[in-house]
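>>> sharing a model prediction with you, sequence too.
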Amino acid sequence: MILVTDAMPPARGDFYHELPITNFSIVAARLCVKGSSCFAPDGRLAGTALTMNKAVGNIVESTSTNLSDAVKMANLNPAKLLGIDQAKSSLEASKDGDAVVADAELNIHATVVGGAIVHQL
């Protein structure tokens, strides 16, 4: 199983601890945010503000999946599907050195790309 998110712009505010985005424009349409969902003016679902850390938490909380398996669903399984698991999905000397640093509640504290911290709270 693979976890997927289409995290639209409102998810950014959650990650950077900014004020929530309640309305935004994308492809010439003004979208409205309600909870973690984004809606078109006619009320149709247009996407979500679901971040991957929340997706991992959701699968753990709503199923019998443990945290280790949930992280694999967000990391290793997609890398295998894309055929990039030899370079991604774990920290080893021969791999790219990409990582996300989170606490026990899955709050993100840092992002590492190529072994360098590119974002830190």
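Thanks, I have the structure now. Numbers count the residues shown, from 1 in each chain.

>>> run a quick neighbour tally on Ile59.
For Ile59, the count of nearby residues is 20 (other Cβ atoms under 10 Å). C-beta here means a position set from N, CA and C on the backbone, and glycine is covered the same way.

>>> wouldn't it be in contact with Met73 here?
Yes. The criterion here is Cβ atoms under 8 Å, and Ile59 meets it with Met73 at 6.6 Å.

>>> do you know how far the residue of the chain lying at maximal distance from its centre is from Ala29?
Within the chain, the residue lying farthest from the chain centre (Cα atoms, centre = their mean) is Asp42, at 27.0 Å. Distance of Asp42 to Ala29, given as Cβ to Cβ, to the nearest Å: 10 Å.

>>> same for the lengthiest helix in the chain, what does it pack against?
Using DSSP state H, we find that the single longest helix of the chain is helix 52-62. Counting contacts by 3 or more Cβ pairs under 8 Å, 6 or more residues apart in numbering; DSSP states H and E, helix 52-62 packs against helix 67-74.

>>> helix or strand for the residue farthest from the centre of the chain, which one?
Under DSSP states H and E, no helix or strand contains Asp42.

>>> brilliant, that's me finished.
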